[in-house]
Structure formats: C-alpha cells, structure tokens
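Colleague: One predicted model, sequence on top.
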Amino acid sequence: MTFELLATDTASNARCGRLTTGHGTVDTPIFMPVGTVGSVKGVYHRDLRDDVGARIVLGNTYHLYLRPGLETLRAAGGLHRFTSWDGPMLTDSGGFQVFSLAERRKITEQGCTFSSHIDGSRHTFTPENNMDIQRTIGADIIMALDECCPGNADYAYAEKSLKLTEGWLERCIARFDSTEPLYGYPQALFPIVQGCVYPDLRRRAAEHAVSFDREGYAIGGLAVGEPTEKMYEMLEVLHPLLPASRPRYLMGVGTPANILEAIARGVDMFDCVMPTRNGRNGMIFTWQGTINLRNAKWADDFSPLDPQGTSFVDSTYTKAYVRHLTIAGEMLAAQIASQHNLAFYLDLVTKAREHIFAGDFAAWKDATVKKLETRL
C-alpha cells in the first residue's frame, strides 16, 4: 500500500492524498461506510459505489469472526469474494467491540477473553491470533489489536491501558511480519494510537507507533465519552508527531462537523455508523442542517430530501414521502435515508478535497460547520 500527498491547506492542517491498494485507489480525505458483518445495512453494492460514491468500506473482525466464521471466509477466498465488493476494504481488529461488551470480557496482558453476544460461547483474541484472523478475512488494511480506553478514564487507568496496547502492538507487528497474505494481494497493518485525553500519553503512543514505520496510523479512543473539544485537542497534539507521508485514520468519527474539524487537523480517513444508524431512525443530514423526519413539520413538505444533494434518492423522493414511510415503519424508509446520508458524507469529503485544492478550505469549513450544526 502506498500514499501520495497531493495538496495541503495553508490556513489549516488539511491535506489531500491518494491511497493505492491492491483493490484500487482512494482519494483522501475519505469517509468509509461501515459494513460491520460484510454489508452496509440496506444498501446494494451497486448503489454504494455508483450513487453513494463509496471507494472503500469497513468490516469488523469481531463480528465476522463469530459469523459467518473463518472457515467460510477462507473457503470463499476472503471477504472481497464472499461479499462481491471489489474495492478496497479495511477491518477493525474488534478491540472496540470487545471494549463495549463490558460484562462479557476479561482483559489480561496475554489478550482478551470474551463471551459471544450471539450464543454466549467463550473466545479469546490475542495479538497473534487477531493478525491470523484478519489475514483470513483479507482486508487491504488491517488494525492492530488494542484496548479502547474510555474517554473519561483517569490517568492511572489510561496509562495502564496504553502500556497494554503498546505491548500488543509489538506482538501484532511480529506476527504480521512473519506471515503472508492469503489471497494474492498485499495487506497493510496500521498501529492504533491510544492515550485517552492526556497529551503526554498521546505523544508517547504516537512515538511508539511511528517507531515501527508502518504504511499508516490509526487514532483510536476518541468520541468515546470525552468532550468534543478534547478530541480536537488530541488531534492537534498528534498532527506534528505522525508522519506527513502516511495516512491518518480517525476511528469511529463522527458527525459531519466533527469530520470537517478533524480534516482541518490533518486527518485523512474516517468511518462511523451514524449515517446509517441515524438514518434508520429518521435523521437526515443535509447541507442546510439536520432533519428529524419524525417531526410533523415535514408531513406536507414536498421538496427533495436535500435540494443540494447529489444522490439518486435526493432527486426522486420528497421529505413528506420518506417521513410517511418512516412513521409507517416501512423498511424502504431506512434504505432511502441510509443511502442519502452516506451520499451526503461522501459528498462532504469530496467538497473538502475540492476546497483544499482550491486553497480556501479553512474559510469554507468555518462557514459550512455553522450550517451543519443547525437543527432544522
């Protein structure tokens, strides 16, 4: 995997780049739709690529390991062939999912033992078998196993957690570098920079991760309960420490405004379930602000979902109609809303790229964020 830096914004730390993988190229900044179990909920691959504009999608190791399981994925020839998605893929190691299990897991220096949310069966992730699992899944970009520290953790817990993550990273790299891809194309391993909301721990984590000179770096443990201002502060701490020649991936973030603010602080890659999860509940993201379709004010609004939207669904369906489907519990409402929201997120990062190249990103971002944070 390679990364080429193409442009930078003089008034911020925003960048444009190009990521090249075994399954194609990705222009950054980029948003990656979340396909947790091998699908982006309710959206055909055809629409995901041609209408939404997705170029890379994310899968999750925890969920795919449990179901359909490694035997099925290996027999299929990896997740690409199993799902028929022929573009780039990234897999999260499952660290966040294990973290969120709380009562179902036990973390030690050796690894993490957890109970399946499906049937209660017991399993263990170690750095070594996690690398083997992600080799079997076959994503172009895979994550090191980490512990996702809560955003409100005290310093002692955060430091202990970081030490665990650093040890796991060293073992992940040793295992990854001693094995080969299974399906004839290269894979890249990203370390995850943790450290909670403590600048010295974030610096320590970044320096440790960068010492291994990998193809890219992920930033984890943000948007997990800490104030938004703290998230932005940690990104500012990390910007000068992470190599400019490598992509930066901010995991699990976030709102449209979060994404623009993070781009301004040097981040290149994003993923979040918000466009699809919120869409299934009637929330629509637009260039004018956020709409809750469950509100009665939209019942007789026959304008497009977003007059500035670029998706097929924006030129086809009205707010009143999609609200009707939402209130009626019709599954088509979730499909339309998900497709619209994903297209909006992809359009957002596309516009960001255009303004970085044009040299006016910072001013455009400031004006746009005010609109995006409006509740209509």
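Modeller: That came in fine, so what should we check first?

Colleague: where exactly do the helices run in the stretch 51-200 of the chain?
Modeller: Along the stretch 51-200 of the chain, counting by DSSP state H, counting those that start in this stretch, helices occupy 61-66, 70-76, 79-83, 95-101, 127-137, 155-177, 199-210.

Colleague: which strands and helices sit next to the fifth one?
Modeller: Helices and strands touching helix 127-137, as assessed by 3 or more Cβ pairs under 8 Å, 6 or more residues apart in numbering; DSSP states H and E, comprise helix 61-66, helix 70-76, strand 141-143, helix 155-177. From N, CA and C alone the C-beta is placed, and that goes for glycine too.

Colleague: quick one, which of the helices of the stretch 51-200 of the chain is nearest to Arg55?
Modeller: With distances scored as Cβ to Cβ, the stretch of the helices of the stretch 51-200 of the chain nearest to Arg55 is helix 79-83 (14.1 Å).

Colleague: Over to Ser338. Which of the three states is it?
Modeller: Ser338 falls in the helix class when you classify it by DSSP: H, G, I helix; E, B strand; the rest coil.

Colleague: That one is in contact with Pro275, isn't it?
Modeller: Yes. Ser338 lies in contact with Pro275 (Cβ atoms under 8 Å); the separation is 6.7 Å.

Colleague: between the two, who's got more neighbours?
Modeller: Pro275 (27 against 24; other Cβ atoms under 10 Å).

Colleague: Now the more buried one: closest residue in space that isn't a chain neighbour?
Modeller: Closest residue to Pro275 apart from its sequence neighbours, by Cβ to Cβ, 6 or more residues apart in numbering: Asn341 at 3.6 Å.

Colleague: circling back: and the helices of the stretch 51-200 of the chain: which comes nearest Tyr345?
Modeller: Across those, closest to Tyr345 is helix 95-101 (Cβ to Cβ), at 19.6 Å.

Colleague: Doesn't Glu4 lie inside a strand?
Modeller: Yes. The assignment for Glu4 is a strand, going by three-state DSSP.

Colleague: ok, it - how many residues close by?
Modeller: Glu4, neighbours per other Cβ under 10 Å, totals 12.

Colleague: same question, the one 10 residues further on
Modeller: Burial of Ala14, expressed as a neighbour count using other Cβ under 10 Å, amounts to 25.

Colleague: Likewise for Glu354?
Modeller: Going by other Cβ under 10 Å, the residues that sit close to Glu354 add up to 13.

Colleague: Now name the helix or strand holding it.
Modeller: Under the criterion of DSSP states H and E, Glu354 resides in helix 331-358.

Colleague: Can you mark which positions in that helix are buried?
Modeller: By neighbour count on 16 or more other Cβ atoms under 10 Å, the buried set for helix 331-358 is 333-353, 355-356.

Colleague: Relative to Asp306, how far out is the residue nearest to Pro275?
Modeller: According to Cβ to Cβ, to the nearest Å, Asn341 stands 10 Å off from Asp306.

Colleague: shared neighbours, these two?
Modeller: Shared contacts of Asn341 and Asp306, defined by Cβ atoms under 8 Å, 6 or more residues apart in numbering, are found at Ile284.

Colleague: Extract the residue ranges of this protein that are flagged as low pLDDT.
Modeller: Residues of the chain meeting the criterion pLDDT under 70: 99-102.

Colleague: Outline the domain layout of it.
Modeller: If you go by automatic domain parsing, the domain ranges for the chain are 29-271, 273-376.

Colleague: can these go into CSV with extra columns for distance to Phe3?
Modeller: Formatted as CSV, those follow (distance: least, Cβ to Cβ, whole Å):
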stretch, distance to Phe3
domain 29-271, 5
domain 273-376, 15
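
Colleague: List the contacts of Ala14.
Modeller: 8, 29, 263-264, 266, 352, 356, 361-362, 365 are the contacts of Ala14 under Cβ under 8 Å, 6+ apart.

Colleague: As a markdown table, the residues you listed with distance to Val313 would be great.
Modeller: Output for these, formatted as a markdown table (distance: Cβ to Cβ, whole Å):
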| residue | distance to Val313 |
| --- | --- |
| Thr8 | 34 |
| Pro29 | 23 |
| Ile263 | 25 |
| Ala264 | 29 |
| Gly266 | 33 |
| Ala352 | 22 |
| Ile356 | 28 |
| Phe361 | 28 |
| Ala362 | 31 |
| Lys365 | 26 |
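
Colleague: Save those as a markdown table, and put in distance to Pro247 and secondary structure too.
Modeller: Converted to a markdown table, these look like this (distance: Cβ to Cβ, whole Å; DSSP: H, G, I helix; E, B strand; the rest coil):
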| residue | distance to Pro247 | secondary structure |
| --- | --- | --- |
| Thr8 | 14 | strand |
| Pro29 | 10 | coil |
| Ile263 | 12 | helix |
| Ala264 | 16 | helix |
| Gly266 | 10 | coil |
| Ala352 | 15 | helix |
| Ile356 | 15 | helix |
| Phe361 | 18 | helix |
| Ala362 | 21 | helix |
| Lys365 | 20 | helix |
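
Colleague: Between the residues you listed, which sits nearest Tyr155?
Modeller: Gly266 (25.4 Å).
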